[in-house]
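In: What shape does this take:
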Amino acid sequence: METLLGLKRVRVALLSDTHGALDPRVREVVEGCDLALHGGDIGHAAILAQLQPRLGRVLAVFGNNDVARKWPEEDRRLLVHLPEWLEQPLPGGTIALIHGHQIPARGRHDLLRARFPQARAIVYGHSHRLETDLSRLPWVLNPGAAGRSRTYGGPSCLVLIANEQDWQIETHRFPLSIQQRKSHGHFLHEPSPQRKGHTAQVIVAPGRAGHC
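Out: So this is what the prediction gives:
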């Protein structure tokens, strides 16, 4: 099966909870991907415009803070075009995207799996906490916060590498800037120079895509 303009292998940037500020290092990760999925609490339209994946496709859902009173007046017309959730076919399966505020925190991963049982992976945001739950299919992924608000250790995002045989996840977390660390009242250990400012962890799917 061919999807996304005939591509059989795609890199998909997964990010969420920018709240009006996109970390430039996350933006750079997006530029190395074919498309981007934003899990809501965007902040304003310029955030989506800053996302420039190779295919030029950015898919997004609305979060609980994506409401007219919190968006600039000139951007509010975009809000009516943001869905509550979406599903995107990829090589080897389908990915579902939802902000997650609609679902109670207690048992959220089980509830998400029950809501999107046919997906191979489910992406949500809202908690601002980076999570990769690969314990069973569908995977449940939270890319954390890609801006400055409540990053819990630094801005982060995920990259899904999807082909017809298997899927992999890269985790990217960046150290807090000096300004962010001062505002949080503490300092974090800086990564070694060879890490180039971020960590990347590749996780291989347990089994083939045909088993979803």
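
In: how about low-confidence regions in this protein?
Out: 1-3, 5, 178-212 (pLDDT under 70).

In: just checking, residue 23 touches residue 155?
Out: Yes: Residue 23 is in contact with residue 155 according to Cβ atoms under 8 Å; the separation is 3.8 Å. Where C-beta positions appear, they are placed from N, C-alpha and C, glycine not excepted.

In: These two: who's more crowded?
Out: Neighbours were counted for residue 23 and for residue 155 using other Cβ atoms under 10 Å; residue 155 has more, 31 against 23.

In: From residue 6, how far off is residue 63?
Out: Distance from residue 63 to residue 6, counting by Cβ to Cβ, to the nearest Å: 32 Å.

In: what does residue 57 give?
Out: 14 Å.

In: tell me which residues in stretch 163-170 are buried?
Out: 164, 167, 169, 170 (16 or more other Cβ atoms under 10 Å).

In: and which of the residues you listed is nearest to residue 44?
Out: residue 170 (27.4 Å; Cβ to Cβ).

In: give the contact list for the closest residue to that closest one other than its chain neighbours.
Out: In this structure, residue 170 finds its nearest non-sequential neighbour in residue 159, 4.1 Å apart by Cβ to Cβ, 6 or more residues apart in numbering. Neighbouring residues of residue 159 by Cβ atoms under 8 Å, 6 or more residues apart in numbering: 11, 12, 13, 14, 29, 32, 33, 169, 170, 172.

In: Relative to the strand or helix carrying residue 159, what are the paired strands and their orientations?
Out: Using DSSP states H and E, the element containing residue 159 is strand 156-163. Strand 156-163 pairs in its sheet with strand 9-15 (antiparallel), strand 167-173 (antiparallel), by DSSP bridges.

In: coming back round to it: which strand residues sit across from the residue nearest to residue 170 in the sheet?
Out: With DSSP bridges as the rule, residue 159 is bridged to residue 13, residue 170.

In: how far away is it from residue 135?
Out: Between residue 159 and residue 135 the distance is 20 Å, computed by Cβ to Cβ.

In: ok, now residue 78?
Out: Computed as Cβ to Cβ, the residue 78 to residue 135 distance reads 36 Å.

In: Could you check which of those two is surrounded by more residues?
Out: Between residue 78 and residue 135, counted using other Cβ under 10 Å, the more crowded position is residue 78 (16 against 9).
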